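Engineer: Okay, predicted coordinates and the sequence, questions at the end:
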Amino acid sequence: MKAIVTGAAGFVGSTLARRLLNLGHEVVGVDALTDYYTPSLKVSNLARLKDAKFTSISGDLNDLPLKHLIDGADWVFHQAGQPGVRKSWGEDFGVYSKANIDATQRLLEASRQSSTLKKFVYASSSSVYGDAERYPTLETDRPQPRSPYGVTKLAAENLCTLYASNFGVPTVSLRYFTVYGPRQRPDMAFTRFVRAAVLEEPINIFGSGEQVRDFTFIGDIVEANIAAAIEETEPGEIFNVAGGTSISVNGVLTLLEALNGRPLDVRYGEKVAGDVLQTGGSTSRIFEMLGWRAQTALEDGLAMQLAWARDTFGRRGDSNA
Ligand code: UGA
């Protein structure tokens, strides 16, 4: 199959692209190499994709000729976007709406004209739920984002559903619940925590640390994307992709301390606007329809991320976070 992966230089996009190449698929990776975090990390993610079946396109989805890009593709995995729940307030909002809403609409317009496209998989987010009605949250529960970021992810997801119902674009939206694992984005909690643990630096917690997340391992996220592409689904489907272990940030720190074998220097500060108290997703629907369920226990995934951090930050001792 020929797959387009947008955001191919990012954490999820690059891991997914590598897996697709390993499975023998042809991959066209698109990335704008924005500077939300240091682009050198993205360049090194792209270097891991070196393969005769990989083509890299550098550019912004709001500028590139997308019809030409999508021509002949079987699958689009739309992973590109402006991430970060806590930074999406204020003047930056325009960046979020352009990268997350406008770019998705352009990609859907181009997909609408394709005669070869079999699946359009959109990387949505648990942040569409905000403080959810109940836990575990069902896909049919009312989305009520608490951050501008969540609003843009929900708007783009609604566009997917709209293009599915009006034009039959074969979209599937995957609501990722806090993805972690080796090469996770440097602004996210686990990378900050494991890096600080390895370098024996302080760990700064936003609020009490009692906020709960349904953390999901990157390998499981990748397999959910592949299942969404391969299995038959009705256009416009929406699935939670959640790891199945709702744990507090303090609980994660306890696990990390045990894995690392040294006390952590944890400091508590102010809660940050946009941060929800809890996420926890029901995965009954994705199991029933795609046969997917998370395979990686949090302890194992965290151990893998800690091993990666020792390798990355321990020896070189550099500061790319
Ligand atoms: C993450 C991603 O950043 C979003 O892009 C994604 O859409 C979202 O998951 C989601 O699943 O919807 P978040 O849950 O905030 O957002 O992920 P982390 O950065 O891993 O934070 C987890 C928790 O740790 C948050 O409550 C955060 O406040 C806390 N945290 C994070 C700290 O206490 N200290 C830090 O240095 C970083």
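Structural biologist: Yep, that arrived.
Engineer: list the contacts for residue 162?
Structural biologist: Residues counted as contacts of residue 162 (Cβ atoms under 8 Å, 6 or more residues apart in numbering): none. Where C-beta positions appear, they are placed from N, C-alpha and C, glycine not excepted.
Engineer: and the helix or strand where residue 253 lies, what's its mean pLDDT?
Structural biologist: Taking DSSP states H and E as the definition, one finds residue 253 inside helix 249-260. Here helix 249-260 scores 98 as its mean pLDDT.
Engineer: Need the CA coordinates for the longest helix seen in the chain. CSV is fine.
Structural biologist: Looking across the chain with DSSP state H, the single longest helix is helix 148-167. Output of helix 148-167 as CSV, limited to C-alpha atoms (Å, rounded to 0.1, in the frame of the first residue of the first chain):
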residue,chain,number,x,y,z
PRO,A,148,-8.1,25.9,23.0
TYR,A,149,-6.0,23.0,21.7
GLY,A,150,-8.8,20.6,22.5
VAL,A,151,-11.3,22.9,20.6
THR,A,152,-9.1,22.8,17.5
LYS,A,153,-8.8,19.0,17.7
LEU,A,154,-12.5,18.6,18.1
ALA,A,155,-13.2,21.0,15.2
ALA,A,156,-10.9,19.0,12.9
GLU,A,157,-12.5,15.8,14.0
ASN,A,158,-15.9,17.3,13.2
LEU,A,159,-14.6,18.2,9.7
CYS,A,160,-13.6,14.6,9.2
THR,A,161,-17.1,13.4,10.1
LEU,A,162,-18.6,16.1,7.8
TYR,A,163,-16.5,15.1,4.8
ALA,A,164,-17.4,11.4,5.6
SER,A,165,-21.1,12.0,5.7
ASN,A,166,-21.3,14.4,2.8
PHE,A,167,-18.8,13.0,0.4
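Engineer: Is the following helix or strand past it positioned near the ligand?
Structural biologist: Next along the chain after helix 148-167, taking DSSP H and E as the criterion, comes strand 171-176. Yes. Applying Cβ under 6 Å from any ligand atom, one finds strand 171-176 touching the ligand at residue 176.
Engineer: Please name every helix or strand in contact with the helix or strand just after strand 171-176.
Structural biologist: Next in sequence after strand 171-176, counting helices and strands by DSSP H and E, comes strand 179-180. Strand 179-180 sits against helix 189-199, strand 216-217, helix 218-230, helix 298-309, with contacts defined as 3 or more Cβ pairs under 8 Å, 6 or more residues apart in numbering; DSSP states H and E.
Engineer: Let me see the residues that make contact with the helix holding residue 253.
Structural biologist: Helix 249-260 is contacted from outside by 189-190, 193-194, 197-198, 203, 205, 208-213, 215, 247, 263-264, 266, 298-299, 302-303, 306, using Cβ under 8 Å, 6+ apart.
Engineer: now stretch 39-53
Structural biologist: By Cβ under 8 Å, 6+ apart, the residues outside stretch 39-53 that reach it are 8-11, 13-14, 17-18, 21, 24-27, 29, 31, 33, 56, 183, 186, 320.
Engineer: Next one: residue 276 from residue 130, what distance?
Structural biologist: Applying Cβ to Cβ, to the nearest Å, the value for residue 276 to residue 130 is 6 Å.
Engineer: Please enumerate the shared neighbours of those two.
Structural biologist: Residues touching both residue 276 and residue 130 (Cβ under 8 Å, 6+ apart) are residue 146.
Engineer: still on that earlier bit, check which residues of the longest helix of the chain are buried.
Structural biologist: 148-157, 159-161, 163-164 (16 or more other Cβ atoms under 10 Å).
Engineer: Show the contacting residues for residue 103.
Structural biologist: 6, 60, 61, 62, 80, 81.
Engineer: ok, 7 Å please
Structural biologist: Neighbouring residues of residue 103 by Cβ atoms under 7 Å, 6 or more residues apart in numbering: 61, 62, 80.
Engineer: try residue 294
Structural biologist: Going by Cβ under 7 Å, 6+ apart, residue 294 touches 216, 217, 220, 243, 244.
Engineer: same thing but 6 Å
Structural biologist: Residues in contact with residue 294 (Cβ atoms under 6 Å, 6 or more residues apart in numbering) are 220, 243, 244.
Engineer: Confirm that it sits in a strand.
Structural biologist: No. Under DSSP: H, G, I helix; E, B strand; the rest coil, residue 294 sits outside any strand and is assigned coil.
Engineer: May I have the phi/psi pair for it?
Structural biologist: The phi and psi values for residue 294, taken as degrees, to the nearest 10, are phi -60, psi 140.
Engineer: So which residues on the stretch 1-150 of the chain come close to the ligand?
Structural biologist: 83, 84, 85, 125, 126, 127.
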